[in-house]
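Participant: Sharing a sequence plus its predicted fold:
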Amino acid sequence: MNTSHSASYPATRLRRSRSAGWSRALHRETVLTPADLIWPLFVTGGKGVEEPVGSLPGVSRWSVDLVAERTKEAMALGIPCVALFPNTPHDRRSEDGAEAVNPDNLMCQAIRAIKQACGEGIGVLTDVALDPYTSHGQDGLVDQAGRVVNDDTVAVLVDQALNQARAGADIIAPSDMMDGRIGAIRAALESGGHHDVQIMSYAAKYASAFYGPFRDAVGSGGLLKGDKKGYQMDPANALEACREVALDIAEGADSVMVKPGLPYLDIVAQVKARFDVPVFAYQVSGEYAMIEAAAAAGAGDRDALVMETLLAFKRAGCSGVLTYHAPLAARLLNG
């Protein structure tokens, strides 16, 4: 790119294009719309149930019927996709996470309810990992030494993905960070006739300190034994993220995700520059909670903080953003 300029001040005054609102809009390089947003929703049992999540002010777990209502709300706001995460009851959790492949689990019930209520008017993205279903809180199966085993876990993840696809999921989003799971899931979807089901891979998911409120929301925080550093990425590594993305694309991912969001915008930008594939980011629970805490403390305007951070994702190269602020942002964008 040629960055040289033939003119200098005062012939060139960059403030000219900033002088009026209409001109700022005309020259705006990055545009954010409700169609850039994915709204994560937490599913719980019962009917007519709303359970506020204490560490996520303004976020609740919803029973299946109310998740369908929230999805109708998303459609009305122009949000094209919702992401589902279940709060599995403790008596349905086990060492092997068998509830993940139950065709009547909370996730599958919610998928069917949304499709019945909304048809094909909105996409449903479903999480594939075992942590919402295991009694130990890890994303995979654990051996006697306490290590998460890769290949046996992948076999269960394949069954979990097929279970969700049969229920009507549009996008399978494996968040487990097991090696080889994208290829195995893609092969199973193809052989099972689910040719149009997309895979959005959590390709660069870091072992982050920003996940705490999410684990509260899905009920796994207090259960987690040990940590996830053996399979989630080291926050110090960037080149490794590109290796992960390359592998997942080669195995059949339709899009990739970077998680968390704001602390990893450099990773988003690198992935966008190096790969010809849609890149998404997850503005995770800890990021959301910090904005809410700042707004509650009077340290910043909530609306302005939300819009500025979402623009940063788009500017870095994101095709879209998973954010708990999706309905607020969509209302602001819709005026």
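Facilitator: Great, that's in hand.
Participant: can I assume I171 is in contact with H194?
Facilitator: No: contact criterion CB atoms under 8 Å: I171 and H194 do not qualify, at 11.4 Å. All C-beta atoms are positioned from the backbone trio N, CA, C, and that covers glycine.
Participant: Secondary structure element for E51, which one?
Facilitator: Taking DSSP states H and E as the criterion, E51 maps to strand 50-52.
Participant: what sits up against that strand?
Facilitator: The contact list for strand 50-52 (CB atoms under 8 Å, 6 or more residues apart in numbering) reads T44, V59, S60, R61, W62, S63, L66, N87.
Participant: In helices, which of those residues appear?
Facilitator: L66 (DSSP state H).
Participant: So which of the contacts of strand 50-52 is surrounded by the most neighbours?
Facilitator: R61 (25 neighbours; other CB atoms under 10 Å).
Participant: That one: what's it in contact with?
Facilitator: Counting by CB under 8 Å, 6+ apart, R61 has contacts F42, V43, T44, V49, E50, E51, V53, N87, A217.
Participant: tell me which residues form a beta bridge with it?
Facilitator: Counting by DSSP bridges, R61 is bridged to F42, E51.
Participant: mind checking pLDDT for it?
Facilitator: pLDDT, R61: 96.
Participant: What of I79?
Facilitator: 98.
Participant: I figured it was touching P34, is that so?
Facilitator: Yes: at 5.4 Å, I79 and P34 qualify as touching, with contact defined as CB under 8 Å.
Participant: More neighbours: the two, which one.
Facilitator: I79 (22 against 19).
Participant: dump the residue contacts of that one.
Facilitator: I79 neighbours (CB under 8 Å, 6+ apart): P34, A35, L37, I38, W39, I122, A326, P327, A330.
Participant: Give me the neighbour count for E287.
Facilitator: So E287, with other CB under 10 Å, has 21 neighbours.
Participant: all helices for this protein, in order.
Facilitator: Under DSSP H, the chain gives helices at 21-26, 64-77, 106-118, 150-167, 181-191, 212-217, 239-251, 265-274, 285-296, 302-316, 326-333.
Participant: possible to save the contacts of R61 as CSV with distance to E29?
Facilitator: Below are the contacts of R61 laid out as CSV (distance: CB to CB, whole Å):
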residue, distance to E29
F42, 35
V43, 38
T44, 41
V49, 44
E50, 40
E51, 41
V53, 36
N87, 40
A217, 35
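Participant: So Q138 is in contact with V148, correct?
Facilitator: Yes: taking contacts as CB under 8 Å, Q138 lies within contact range of V148: 5.3 Å.
Participant: Can you check which residues contact both of those two?
Facilitator: With CB under 8 Å, 6+ apart, Q138 and V148 have common neighbours K228.
Participant: Looking at the two, which one has more neighbours?
Facilitator: Remark: of Q138 and V148, Q138 carries more neighbours, 27 against 22, as counted by other CB under 10 Å.
Participant: Could you pull up the residues touching the more buried one?
Facilitator: Counting by CB under 8 Å, 6+ apart, Q138 has contacts L130, D131, V148, L224, K225, G226, K228.
Participant: how far away is it from L333?
Facilitator: 38 Å (CB to CB, to the nearest Å).
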